[in-house]
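Visitor: One predicted model, sequence on top.
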Amino acid sequence: MDMLLSMTALAITTYSIILLHPSLRFGDTSVNGIEQAEWESTNVLSGECNEDKRNLIWNRLPKCLPKNETIAIPFPPDPNVIQYFPNRIELPRCSGACYENGHLYQSCKANETVLQDVPVILETISGQSTVEVCSTVKLEVHVSCSCGCGDIECNELQEFNERSCSCICKNSSVRGQCMAQYNKIWDENSCTCRCRQDQWKKCNTGYEYDGIYTCQCLPGQVINRASLGLIVTLVVVVVVLFVCVVALGFMYKKERNKNMEHRIQCSQSKGYSLSQLREEEKGLADDAPNDQ
């Protein structure tokens with residue numbers, strides 16, 4: 001009975017959170033740049049995928065052929081150019097998804113390319129005025145395409161999947177646990193579960209936002225530029241003091257040895273031995289308190 005009440009309370013809480021956060025409902029779009037959709041149940045009994053249905057899905061994918069796409073023309077390297085027209089143009093390009101026999105979902109890549117001269121108008125600075133200059137720019141045109149993966153490099157956290165022609169995370173089993181949390185989203189690049197962008201918040205001084213686990217502001221030590229500069233200054237002062245102490249010690253030792261050598265030379269000139277000199281120094285040291 002207690003378990004039933006707990007599950008009921010959890011369901012009511014989850015439903016309330018979804019009502020309070022409209023962006024979490026299915027059907028909303030443009031959440032973190034990813035289109036959302038309402039999925040049909042994935043129960044096996046709800047709609048088994050037979051050969052006819054699979055072929056229908058694959059055949060709806062576009063053919064791997066050059067199609068006109070809007071391409072941005074790069075800005076001219078001439079520093080005198082203010083602007084140019086057009087800055088975008090439609091050219092045949094190979095792109096999008098495709099499939100080959102064996103139901104391999106892959107990408108449409110260019111097989112053969114050529115450079116095409118595209119006429120443009122450049123508005124340039126000439127003295128105290130501007131003039132329009134007609135010029136051309138060479139842009140790449142795709143002549144033929146092929147369905148394949150191309151050169152895809154995966155990071156150390158991913159592995160290449162030939163069927164989908166993409167890099168998938170090695171720890172993909174964790175993805176389901178991540179997506180079950182209403183405030184989390186799975187990052188395919190870093191293969192980590194992080195907080196949704198609409199959950200991010202600005203924290204007060206002394207707190208840091210935890211974008212991985214709690215999605216909340218937690219106490220933390222914040223090192224700003226001022227404190228970092230103070231630490232660097234203190235380190236420099238300590239190093240300078242240490243160097244000065246070492247230098248003074250070295251100079252004192254050098255001066256002491258020089259005085260000792262001078263006294264030895266003087267004692268030798270008077271016929272004193274080294275032992276007599278030391279006894280004389282000891283006597284002078286003993287008489288010093290009495291004189292005071």
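Guide: Yes, it's here. Numbers count the residues shown, from 1 in each chain.
Visitor: I'd guessed Ala72 sits against Asn87; true?
Guide: Yes - if you go by CB atoms under 8 Å, Ala72 and Asn87 touch, sitting 6.7 Å apart. For the C-beta atoms, the positions are set from N, CA and C on the backbone; glycine is no exception.
Visitor: Helix or strand for Pro92, just tell me which one.
Guide: Using DSSP states H and E, Pro92 falls within strand 88-93.
Visitor: list the buried ones in that strand?
Guide: Buried positions in strand 88-93, judged by neighbour count with 16 or more other CB atoms under 10 Å: 89, 91-93.
Visitor: what does stretch 241-248 give?
Guide: For stretch 241-248, the neighbour count (16+ other CB under 10 Å) marks no residue as buried.
Visitor: and if you look at stretch 188-199?
Guide: With burial defined by 16+ other CB under 10 Å, the residues of stretch 188-199 counted as buried are 191-196, 199.
Visitor: Out of these, which is nearest to Phe242?
Guide: Taking CB to CB as the measure, Phe242 sits nearest to Thr192 out of the buried residues of stretch 188-199, at 44.0 Å.
Visitor: so how far is Asp198 from the residue nearest to the closest one when sequence neighbours are not counted?
Guide: Nearest residue to Thr192, sequence neighbours excluded (CB to CB, 6 or more residues apart in numbering): Ile212, at 6.9 Å. Going from Ile212 to Asp198 by CB to CB, to the nearest Å gives 16 Å.
Visitor: Likewise for Cys169?
Guide: Noted for Cys169: a distance of 23 Å to Asp198, by CB to CB.
Visitor: just Cys167 next, same as before
Guide: Going from Cys167 to Asp198 by CB to CB gives 26 Å.
Visitor: what's the answer for Val141, then?
Guide: Val141 is 41 Å from Asp198, by CB to CB.
Visitor: ok, now Pro92?
Guide: Taken as CB to CB, the span from Pro92 to Asp198 is 39 Å.
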